[in-house]
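Novice: Pasting a predicted model and its sequence here:
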Amino acid sequence: MEHQTKMGGQRRLVLEEILNEKQIHHVLKQVIGDTPWDLKWSEVRPAVDGIAGFLGDHMKAVLYVDVLGEIKKVHLFVKRIPENNKPKADFIDEFNFYRREMLMFKVLEEIPKEGPNPWCGKAYIYSESIFVMPDLAVQGYTTRHYLDTLDTQHIFITTTTIARFHAAFVNYETKKSIMLNRPYNTLQEYGHLLVESTFCDSPWMNPCAKLSTSLIKAFSSKPYRDMPDMEEKLRKLFLKGCYSLKEYEDTVNVLVHKDLWVNNIMFKYENDTPVNAVLVDYQALRYGPPAFDLMIFLYVTTDRHFRDTKEKDVFNHYYTVFEESLTDDSKKRMEGLGFDRDNFLEWCERARMFGMVEAIGIYPFILMDPKTAQKEFDDPATYEKYMYEDRSEPVLAYSMKCNVYRDRNLEASEEFVERYVLKEL
């Protein structure tokens, strides 16, 4: 029996075309257990009207299951390799994006489960082509609007989650080291997966420098708007920032999420107050000092005024939660590495350049409304041009229509020029 739903004017989505019978049984066994069940029907729809995330097709499904005469609804969130954009599918496969997220869920199986406020979700299925997870929206979690910058409450609750995530991983490596009676290093085992694909000297980075130059020339009122050779200066410094995210031998390293924009953070509320944040989408996973995640998070979710006035409070809050979440054995390991509050604050400054490059690189995509982003950046005919040559045309055109989009993209590029380019002149 086909389980399907309409997609407006598009072809119907059919459950059996997304999950095979074995996968459906695997999911329902985890949800329902060994109790006999019978799948009666299902509904499948796109997660949003447009692009829900850049690295895959995203869907929501509801399975109506007869369990001992009672219909139980099983709500799922599904992410799979794009079907209609082969260049993007090849990009995802070549650079191990889904395999990196598989690694994260594998590690999570060895990390003690959290209480009522987890820092991550779970996956019923994780493979090289598809992920099937509970739909956290049904559990009361929601994301912010894609153009939102986060206020202090949301920043601090997310900072708590990021610190707990990093501490859990430190505890994981500490425990593995004790069990193996030798220092355990995740990168040594999985380094073939944790390689960079875009934030390195790659064709994807060159259009970032071209676009920043175009934005400044088109919209900035700063005296440096016509700086000679700006594009080349930016390109060299962008790459310097990119290569700063790596493993360092003289400090603690963790699995770094590296993609902490508002769509990858889900909030739960009580009386309109955020009480927990959950991190989702680990396909951009890297390995390096934890400060990189925090700086990425701040640069892609806040404005310059917030960072200028509140970032030190955020840094201190992170370190307090991180330290409190460590086991005694992990605390001893941190002492041996000389990783204390002052050292962490030094790392935050060292990670700043990468956080800025990340914001500059992904803002054009994540701050555009999903339907327009799908039209502009998910068309196989123009995909490679906008990814690897020049994306200025669609970005400048959309900037003329959306002031917030224009201002946030421009502010990020201007801050980078003022912090790094002008200092080298």
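Specialist: Perfect, I can see it now.

Novice: in the stretch 51-200 of the chain, which spans are strands?
Specialist: Using DSSP state E, counting those that start in this stretch, the strands of the stretch 51-200 of the chain run over 57-67, 70-80, 125-126, 130-134, 141-142.

Novice: between these, which one is nearest to Asn171?
Specialist: strand 125-126 (22.0 Å; CB to CB). In this view, the C-beta of every residue, glycine as well, is placed from N, C-alpha and C.

Novice: Pull the residues that contact that closest one.
Specialist: Here strand 125-126 makes contact (CB atoms under 8 Å, 6 or more residues apart in numbering) with Leu19, Gln23, His26, Val27, Glu101, Met102, Phe105, Lys106, Phe131, Val132.

Novice: Greatest separation within the residues you listed: which pair is it?
Specialist: So, those by CB to CB: farthest apart are Leu19 and Lys106, at 20.6 Å.

Novice: got a list of what the nearest residue to Asn343 once chain neighbours are set aside touches?
Specialist: Nearest non-adjacent residue to Asn343, counting by CB to CB, 6 or more residues apart in numbering: Thr251, 7.1 Å away. Taking CB under 8 Å, 6+ apart, we find Thr251 in contact with Pro289, Leu337, Gly338, Phe339, Asn343, Trp347.

Novice: average model confidence for the host helix or strand of Ala209?
Specialist: Element membership for Ala209 (DSSP states H and E) is helix 206-219. For helix 206-219, mean pLDDT rounds to 97.

Novice: CA atoms only: put the helix or strand containing Glu376 into PDB for me.
Specialist: Taking DSSP H and E as the criterion, Glu376 maps to helix 370-377. Output in PDB follows, covering the C-alpha atoms of helix 370-377 (Å, rounded to 0.1, in the frame of the first residue of the first chain):
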ATOM      1  CA  PRO A 370      14.000  29.700   1.700                       C
ATOM      2  CA  LYS A 371      11.900  29.900  -1.500                       C
ATOM      3  CA  THR A 372      14.300  32.500  -3.100                       C
ATOM      4  CA  ALA A 373      17.300  30.500  -1.900                       C
ATOM      5  CA  GLN A 374      16.000  27.400  -3.500                       C
ATOM      6  CA  LYS A 375      15.400  29.200  -6.800                       C
ATOM      7  CA  GLU A 376      18.800  30.900  -6.800                       C
ATOM      8  CA  PHE A 377      21.100  28.400  -5.300                       C
END
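
Novice: After that helix, which helix or strand is next?
Specialist: Following helix 370-377 in sequence, per DSSP H and E, is helix 383-388.

Novice: Strands along the stretch 251-400 of the chain, start to end?
Specialist: Counting by DSSP E, counting those that start in this stretch, residue ranges of the strands within the stretch 251-400 of the chain are 254-256, 265-270, 273-279, 286-288.

Novice: Show me what the last one is packed against.
Specialist: Contact here means 3 or more CB pairs under 8 Å, 6 or more residues apart in numbering; DSSP states H and E; on that basis strand 286-288 packs against strand 254-256.

Novice: pLDDT on the strand it packs on, on average?
Specialist: Strand 254-256 comes out at a mean pLDDT of 97.

Novice: How about stretch 149-163?
Specialist: 98.

Novice: for it, which positions count as buried?
Specialist: Neighbour counts over stretch 149-163 (16 or more other CB atoms under 10 Å) mark Thr149, Leu150, His154, Ile155, Phe156, Ile157, Thr158, Thr159, Thr160, Thr161, Ile162, Ala163 as buried.

Novice: what's it in contact with?
Specialist: For stretch 149-163, contacts defined as CB under 8 Å, 6+ apart pick out 119, 144, 257, 260, 262, 265, 267, 273-279, 290, 293-294, 297-298, 301-303, 306, 310, 314, 317-319, 321-322, 325, 408.

Novice: any low-confidence regions in the stretch 1-150 of the chain?
Specialist: For the stretch 1-150 of the chain, the stretches flagged by pLDDT under 70 are 1-12, 50-53.
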